[in-house]
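[1] Predicted model follows, preceded by the sequence.
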Amino acid sequence: MKISIIGTGYVGLVAGTCFAESGSDVICVDIDEKKIRRLRKGLSPIYEPGLDELLKKNIAEKRLSFTTDLERAVKHTDVIFLALPTPQSEDGSADLQHVLDAAKHIGRYLNAYKVIVDKSTVPVGTADRVRDIIRRQTDVEFDVVSNPEFLKEGNAVNDFLKPDRVVVGSASARATEIMQDLYAPFVRTGNPIIIMDVRSAEVAKYAANAFLATKISFINEIANLCERVGADIDMVRKAVGADPRIGQQFLFAGVGYGGACFPKDVSALAKTSKEHNYNFEILESVQYVNKRQRKLFVDKIIKSFGGKIRGTTIAVWGLSFKPNTDDMREAPSITIITELLKHGAIVHVHDPIAMTEAKKYFARKIKYFKNNYDAVRGAHALVVVTEWNEFRRPDFDRIKSLMRRHVIFDGRNIYDPRILAEKGFTYFSIGRGPVNDNR
């Protein structure tokens with residue numbers, strides 16, 4: 001099948017590469033000429049495990065190509081995916097400018113029946129708007145369907161190649177058959193292609209992300225209560241998560257969620273609800289709790305130093321919003337580091353992948369270290385923000401020998417309090433209370 005992907009961001013590039021890996025001929029389109037030149041050389045603009053290898057392989061085998069020529073891509077493909085950014089507007093809604101502009105151009109270039117696929121995360125009614133815009137430009141037959149993505153950054157290639165479900169919103173039997181044929185190679189083990197109406201598909205993506213964000217904020221609220229009553233959030237989580245109706249996933253206490261999806265999608269769903277005269281109060285609380293969780297963590301750090309951290313050196317491990325990505329959009333590290341700097345701290349940072357990205361946010365306001373142990377040299381405290389695997393089993397004796405003060409603030413609960421106590425550290429985590437607290 002011949003496919004074009006408009007937009008070579010996170011979703012578009014992963015989708016295009018994986019479709020090519022399944023044997024389809026794929027043209028990826030972007031207006032950024034510099035980006036396209038780099039992609040033609042097999043240089044990915046994002047870090048995603050497994051993507052580089054598939055990108056280079058499918059370029060070499062001539063199934064995957066990149067262009068700025070939207071007209072050629074539209075005319076020479078059967079299925080056109082819109083995988084464009086939908087950033088959050090000032091009022092919390094999704095900005096559809098890029099999607100709607102692309103629809104206008106597609107309408108001008110249609111030369112035969114095509115299936116236009118909304119792959120971007122878009123509000124309810126967007127497919128109707130895309131259809132109306134294209135129809136005003138052409139008399140050629142086409143269909144618009146919704147096909148939301150459910151990719152996890154850091155595992156996106158595997159998620160696409162082996163999806164737990166594929167959702168297709170379609171009102172056309174012809175378009176539905178084409179989409180089922182397109183995704184057939186990815187669901188050979190029996191995971192479902194779920195066919196539904198377009199608006200239900202548009203809601204499904206927002207509902208999924210909003211529910212996961214709600215679980216994160218809820219467990220963080222329970223963790224905060226645990227600290228105050230002397231309970232252990234890890235024990236509570238195991239008991240609650242053992243209920244199959246709830247499950248273990250997304251029940252880990254920490255400094256909150258970030259990234260490109262959860263903050264934007266929760267906000268957009270709340271905005272859509274208000275536009276339809278419904279106040280989605282749970283989502284407002286989810287957003288509030290997530291922002292407050294980072295502040296509570298910083299307050300814990302400052303309190304441990306007697307309320308003053310000016311001139312104190314604090315090492316931060318982990319900058320990306322989650323492991324296995326360089327994405328720092330809405331990352332908790334941004335809020336935490338910003339607050340530490342505001343209170344006069346000297347901040348040393350290390351991240352396995354996101355150091356270059358961090359410089360876009362902090363420039364020379366912080367000190368960057370290629371090695372995580374170098375970052376803690378001379379530090380009064382270590383703050384763990386992202387649970388990269390290489391941070392899970394560090395040499396605590398070495399850390400202790402390098403630090404001025406032996407204090408660790410664990411924003412992801414990845415360390416065992418008993419081990420830290422035996423090593424002589426003062427240790428703070430989320431929802432478990434301090435260990436060896438010498439304040």
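    Yep, that arrived. Computed from a predicted model, the values in this text were never measured in an experiment.
[2] ranges for the strands of this protein?
    For the chain, applying DSSP state E gives strands covering 2-6, 25-29, 64-67, 79-82, 114-118, 142-146, 166-169, 193-196, 313-317, 346-350, 367-368, 381-384, 407-410, 426-428.
[3] which helices and strands does the shortest one pack with?
    When you say that, I think you mean strand 367-368. strand 346-350, helix 355-362 (3 or more CB pairs under 8 Å, 6 or more residues apart in numbering; DSSP states H and E). The C-beta positions use only the backbone N, C-alpha and C, and glycine is treated the same way.
[4] what pLDDT, on average, does the first one get?
    Right, the one you point to is strand 346-350. For strand 346-350, mean pLDDT rounds to 98.
[5] same question, stretch 420-431
    Rounded mean pLDDT across stretch 420-431 is 96.
[6] What separates the first and last residues of that stretch, distance-wise?
    One end of stretch 420-431 sits 16 Å from the other (CA to CA, to the nearest Å).
[7] repeat for stretch 420-434
    End-to-end distance (CA to CA), stretch 420-434: 11 Å.
[8] With stretch 159-179 instead?
    OK, stretch 159-179 end separation, CA to CA: 18 Å.
[9] Looking at it now, give me its mean pLDDT.
    97.
[10] Flag every buried residue along it.
    Of the residues in stretch 159-179, 159-161, 163, 166-170, 172, 175-176, 178-179 count as buried by neighbour count, 16 or more other CB atoms under 10 Å.
[11] Next step: those residues restricted to helices.
    With helices defined by DSSP state H, the entries of these inside them are 159-161, 175-176, 178-179.
[12] ok, so of those residues, who is nearest A127?
    A175 (11.1 Å; CB to CB).
[13] Find the nearest non-adjacent residue to the closest one, please.
    D143 (3.8 Å; CB to CB, 6 or more residues apart in numbering).
[14] Just the pLDDT for that neighbour.
    98.
[15] correct me, but it touches D118?
    No. Using CB atoms under 8 Å as the test, D143 is too far from D118 to be in contact (11.4 Å).
[16] These two: who's more crowded?
    D118 (27 against 21; other CB atoms under 10 Å).
[17] Run through the bridge partners of that one.
    Beta bridges link D118 to L82, S146 when assigned by DSSP bridges.
[18] so who does it touch?
    By CB atoms under 8 Å, 6 or more residues apart in numbering, D118 lies in contact with 82, 99, 126-127, 130, 144-148, 202.
[19] how far away is S172 from R63?
    Using CB to CB, to the nearest Å, one gets 27 Å for the distance from S172 to R63.
[20] still on that earlier bit, nearest to F262, of the helices and strands packed on strand 367-368?
    F262 sits nearest to helix 355-362 of all the helices and strands packed on strand 367-368, at 18.2 Å, using CB to CB.
[21] From the chain's centroid, how far away is the closest one?
    17 Å (CA atoms, centre = their mean, to the nearest Å).
[22] Just the mean pLDDT for that helix, thanks.
    Across helix 355-362, the average pLDDT comes to 97.
[23] C-alpha coordinates for it, CSV please?
    Presented in CSV, the C-alpha positions along helix 355-362 are these (Å, rounded to 0.1, in the frame of the first residue of the first chain):
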residue,chain,number,x,y,z
MET,A,355,21.5,17.0,28.1
THR,A,356,21.4,18.8,24.8
GLU,A,357,17.7,19.3,25.2
ALA,A,358,18.2,20.7,28.7
LYS,A,359,20.4,23.4,27.4
LYS,A,360,17.4,24.8,25.4
TYR,A,361,15.7,25.4,28.8
PHE,A,362,18.5,26.4,31.1
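[24] the inter-axis angle of it versus strand 313-317?
    130 degrees (axes from the mean of the first three to the mean of the last three CA atoms, to 10 degrees).
[25] List the buried residues in helix 355-362.
    Neighbour count says helix 355-362 has 355, 357-358, 361-362 buried, by 16+ other CB under 10 Å.
[26] swap in stretch 328-346?
    Of the residues in stretch 328-346, 328-340, 343, 345-346 count as buried by neighbour count, 16+ other CB under 10 Å.
[27] List just the nearest of the residues you listed to G254.
    P332 (7.9 Å).
[28] And the closest one, how far from L182?
    On the measure of CB to CB, P332 and L182 end up 37 Å apart.
[29] quick one: pLDDT of P434?
    At P434, pLDDT is 80.
[30] Verify the contact between it and F425 for me.
    No. Contact between P434 and F425 fails when scored by CB under 8 Å: they sit 10.6 Å apart.
[31] With neighbour numbers in mind, choose between the two.
    It is F425, of P434 and F425, that has more neighbours when counted by other CB under 10 Å, with 22 against 17.
[32] hang on, the earlier thing: looking at the contacts of D118, spot the one nearest V376.
    For the contacts of D118, the nearest to V376 is P148 (41.9 Å; CB to CB).
[33] Quick check: closest non-adjacent residue to the most centrally placed residue in the chain.
    The residue lying closest to the centre of the chain (CA atoms, centre = their mean) is G259, at 3.9 Å. Once flanking residues are discounted, G259 sits nearest to F321: 4.4 Å by CB to CB, 6+ apart.
[34] Contacts only, for that neighbour.
    257-259, 327-333, 386.
[35] In a markdown table, list those residues along with distance to A421 and pLDDT.
    Formatted as a markdown table, the contacts of F321 follow (distance: CB to CB, whole Å; pLDDT from 0 to 100):
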| residue | distance to A421 | pLDDT |
| --- | --- | --- |
| Y257 | 29 | 96 |
| G258 | 30 | 96 |
| G259 | 33 | 93 |
| D327 | 34 | 94 |
| M328 | 33 | 96 |
| R329 | 36 | 94 |
| E330 | 34 | 95 |
| A331 | 30 | 97 |
| P332 | 26 | 97 |
| S333 | 26 | 98 |
| T386 | 24 | 98 |
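[36] before we move on, back to that, for the helices and strands packed on strand 367-368, give me TSV that also has distance to K2.
    Below are these laid out as TSV (distance: least, CB to CB, whole Å):
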stretch	distance to K2
strand 346-350	45
helix 355-362	35
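[37] Between those, which one is closest to I46.
    helix 355-362 (10.2 Å).
[38] Other residues contacting the closest one?
    319-320, 326-328, 333-334, 337, 349, 351, 366, 368, 370.
[39] what's the burial count for the closest residue to V385 other than its chain neighbours?
    Nearest residue to V385, sequence neighbours excluded (CB to CB, 6+ apart): G318, at 4.1 Å. Applying other CB under 10 Å, we find 28 residues neighbouring G318.
[40] Hmm, G318 is touching N389, no?
    No. Applying CB under 8 Å as the test, G318 and N389 come out as separate, 11.2 Å apart.
[41] In CSV: the strands of the chain, plus distance to G92.
    Below are the strands of the chain laid out as CSV (distance: least, CB to CB, whole Å):
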stretch, distance to G92
strand 2-6, 25
strand 25-29, 29
strand 64-67, 33
strand 79-82, 22
strand 114-118, 20
strand 142-146, 21
strand 166-169, 23
strand 193-196, 26
strand 313-317, 29
strand 346-350, 30
strand 367-368, 33
strand 381-384, 30
strand 407-410, 31
strand 426-428, 33
